[in-house]
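**Q** Take a look and give me a structure for this.
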Amino acid sequence: MRRRRECPRARPVAAPTVPPSRRGSGARFLPATLTLVLALATAAPSAAQTIGIAAPASDAVALLGAQIRTGAEIAAAVRGIPPDRLVVADDGCSAEGGAEAARTFVSRKAGIVVGFLCTEAIEAALPILSRAGIPVVTPGVRADALTDRRERTGWPVFRTAPRDDDEEEAIAAYLLPRWRDTLFALVDDGTIYGRELVESFRLAAEMAGLKPVFVDTYRPQMDNQIGLVARLRRAGATHVLVGGDRADVAIMGRDAAGLGYALTIAAGETLRAAPDGPPLAEGTLMVGLPEPAEIAAPEALAAFAVRTIVPEGYMLPAYAAVEIAAQALTEAEASGKPAADVLGTGTFGTALGAIAFDAKGDLAHNPYRLFRHDGRTFVEVP
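**A** Coordinates of the predicted model:
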């Protein structure tokens with residue numbers, strides 16, 4: 001199981017609109033379901049329905065919490081949900097804060113809770129919310145265990161964030177077919193993230209009957225990686241997967257070009273980090289998430305623009321999560337079904353595309369996509 005740091009990220013998630021699909025329950029885009037999506041797309045829950053917003057409001061995560069709140073409030077305004085139907089609580093990104101926020105949502109009779117960025121907070125909140133029959137839609141928590149324990153815990157949690165292991169699965173799904181006839185290498189920076197990303201790809205390649213020509217761990221944050229690049233060239237590698245940061249990948253690309261060495265470099269979503277050092281080499285591949293603002297519906301972007309707000313961070317993911325909550329509450333009220341049942345079986349139209357969940361509450365489709373750097377920015381590879 002993938003183990004990553006559990007603090008929230010400044011990088012938000014995006015909508016699950018593109019394969020690879022890895023869960024059999026993902027094929028829910030049926031005509032009848034789409035009709036329901038269209039019917040509910042602009043509907044708002046009744047005045048009796050309340051949506052809870054869990055957003056940390058202090059310390060280092062206060063900015064991210066403010067993004068959650070801003071996106072949620074704008075989505076509610078667009079749907080005609082009055083401000084008093086939103087209950088905002090500070091989960092503190094802690095177990096104590098999560099439990100306290102949950103008790104607030106229960107006392108205010110929230111129908112669905114949106115938010116949470118930290119594993120500790122949501123895991124403390126879910127037992128309380130579950131007993132009250134209040135489901136959660138989280139755009140921020142990626143820990144695999146959160147939904148892997150669904151059968152045992154019964155927690156009604158649904159996430160629009162990817163799972164931690166989605167990145168590894170997508171890298172294998174995108175790169176292995178393209179690298180089947182190449183001489184590829186695997187290098188990592190020695191971190192848990194880097195080692196696990198590379199090792200998961202190595203295992204997937206082995207199962208496909210493929211073997212890297214070179215495997216190594218490099219020293220990160222160096223001024224140059226000429227030694228590593230030279231070893232890659234001696235091994236005959238034409239392609240390399242790097243489990244490391246953007247700065248190291250950029251330096252490898254620069255040094256390979258300086259040696260006149262044609263090397264295709266690929267890495268994960270760490271390449272979305274702010275530039276720090278040389279630019280990425282043209283042709284660098286990234287398996288990562290699309291920028292929410294680049295795929296968002298024009299109407300949603302206009303809702304931010306009219307308020308002179310640039311949608312960044314978790315704003316659009318929170319906007320989409322509130323759209324899901326509003327649609328689910330409307331359908332639950334009309335059908336008499338519990339909101340969790342509606343969330344678990346529906347497909348929801350959002351500003352970031354159609355979203356459905358599998359039996360665990362994870363996204364029905366892996367949201368990662370393949371991009372190529374054109375020398376200025378990342379462009380999606382069809």
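
**Q** in terms of contact, does residue 226 touch residue 254 like I think?
**A** No. Taking contacts as Cβ atoms under 8 Å, residue 226 lies outside contact range of residue 254: 9.7 Å. Every C-beta, even on glycine, is put in place using the N, C-alpha and C of the backbone.

**Q** neighbour count winner among the two?
**A** In this view residue 226 and residue 254 are compared by other Cβ atoms under 10 Å, and residue 254 has more residues nearby, 19 against 16.

**Q** so what pLDDT did that one get?
**A** Each residue has a pLDDT score; the one for residue 254 is 98.

**Q** Can you pull the phi and psi angles for it?
**A** Taking degrees, to the nearest 10, you get phi -60, psi -50 for the backbone angles of residue 254.

**Q** Just list the residues touching the residue nearest to it when sequence neighbours are not counted, thanks.
**A** Nearest residue to residue 254, sequence neighbours excluded (Cβ to Cβ, 6 or more residues apart in numbering): residue 278, at 4.7 Å. Listed by Cβ atoms under 8 Å, 6 or more residues apart in numbering, the contact set of residue 278 reads 250-251, 253-254.

**Q** Quick check: the farthest pair among those residues?
**A** Across the contacts of residue 278, the two members that end up farthest from each other (Cβ to Cβ) are 251 and 253, 7.3 Å apart.

**Q** Relative to the whole chain's centre, how far out is stretch 300-319?
**A** Computed by Cα atoms, centre = their mean, to the nearest Å, the separation of stretch 300-319 from the middle of its chain amounts to 17 Å.

**Q** Endpoint to endpoint, that stretch covers what distance?
**A** Start-to-end span of stretch 300-319 (Cα to Cα, to the nearest Å) is 8 Å.

**Q** which of the residues in that stretch are buried?
**A** Applying a neighbour-count criterion of 16 or more other Cβ atoms under 10 Å, the buried positions in stretch 300-319 are 300-301, 303-304, 311-319.

**Q** Tell me which of these fall in helices.
**A** When helices are assigned by DSSP state H, the members of those inside them are 300-301, 303-304, 315-319.

**Q** Closest one to residue 169 out of these, please.
**A** If you rank these by distance to residue 169 using Cβ to Cβ, residue 317 comes first, at 20.6 Å.

**Q** What's the separation between the closest one and residue 170?
**A** Relative to residue 170, residue 317 is positioned 18 Å away (criterion: Cβ to Cβ, to the nearest Å).

**Q** was I right about residue 208 contacting residue 176?
**A** Yes. Counting by Cβ under 8 Å, a contact exists between residue 208 and residue 176, whose distance comes to 5.6 Å.

**Q** quick one: which of those two has more around it?
**A** Higher neighbour count among residue 208 and residue 176: residue 176, with 16 against 13, using other Cβ under 10 Å.

**Q** contacting residues around the more buried one?
**A** Neighbour list for residue 176: 201, 204-205, 208, 210 [criterion: Cβ under 8 Å, 6+ apart].

**Q** do that again at 6 Å, thanks
**A** Taking Cβ atoms under 6 Å, 6 or more residues apart in numbering as the contact definition, residue 176 lies against residue 208.

**Q** Distance-wise, check it relative to residue 143.
**A** From residue 176 over to residue 143 (counting by Cβ to Cβ), the distance is 26 Å.

**Q** likewise residue 348?
**A** If you go by Cβ to Cβ, the gap between residue 348 and residue 143 works out to 23 Å.

**Q** Those two: who's more crowded?
**A** With other Cβ under 10 Å as the criterion, residue 348 and residue 143 differ in neighbour count, and residue 348 comes out ahead with 28 against 20.

**Q** from memory residue 243 sits against residue 190, does it?
**A** No. Using Cβ atoms under 6 Å, residue 243 and residue 190 do not qualify as a contacting pair, with a distance of 8.9 Å.

**Q** Between those two, which is the more surrounded one?
**A** Of the pair residue 243 and residue 190, residue 243 is the one with more neighbours under other Cβ under 10 Å, namely 27 against 13.

**Q** Who does the more buried one form a beta bridge with?
**A** Under the criterion DSSP bridges, residue 243 forms beta bridges with residue 188.

**Q** In contact with it: list those residues for me.
**A** 188, 194, 197-198 are the contacts of residue 243 under Cβ under 6 Å, 6+ apart.

**Q** closest to residue 163 among those residues?
**A** Distances from the contacts of residue 243 to residue 163 were compared by Cβ to Cβ; the smallest belongs to residue 197, at 14.0 Å.

**Q** Could you find the closest non-adjacent residue to the closest one?
**A** Residue 197 sits nearest to residue 243 (Cβ to Cβ, 6+ apart), 4.1 Å away.

**Q** And the one you found, what's its pLDDT?
**A** Confidence per residue is given as pLDDT, and for residue 243 that number is 98.

**Q** Compute the distance between it and residue 279, please.
**A** Between residue 243 and residue 279 the computed distance is 21 Å (Cβ to Cβ).

**Q** Tell me where the stretch 151-300 of the chain has helices.
**A** 166-179, 192-207, 226-234, 246-258, 292-295, 298-305 (DSSP state H, counting those that start in this stretch).

**Q** could the ones you listed be laid out in a markdown table, adding distance to residue 135?
**A** Putting the helices of the stretch 151-300 of the chain into a markdown table (distance: least, Cβ to Cβ, whole Å) gives the following:
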| stretch | distance to residue 135 |
| --- | --- |
| helix 166-179 | 21 |
| helix 192-207 | 30 |
| helix 226-234 | 48 |
| helix 246-258 | 36 |
| helix 292-295 | 23 |
| helix 298-305 | 23 |
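
**Q** what's the closest of these to residue 160?
**A** Of the helices of the stretch 151-300 of the chain, the one closest to residue 160 (Cβ to Cβ) turns out to be helix 292-295, at 10.6 Å.
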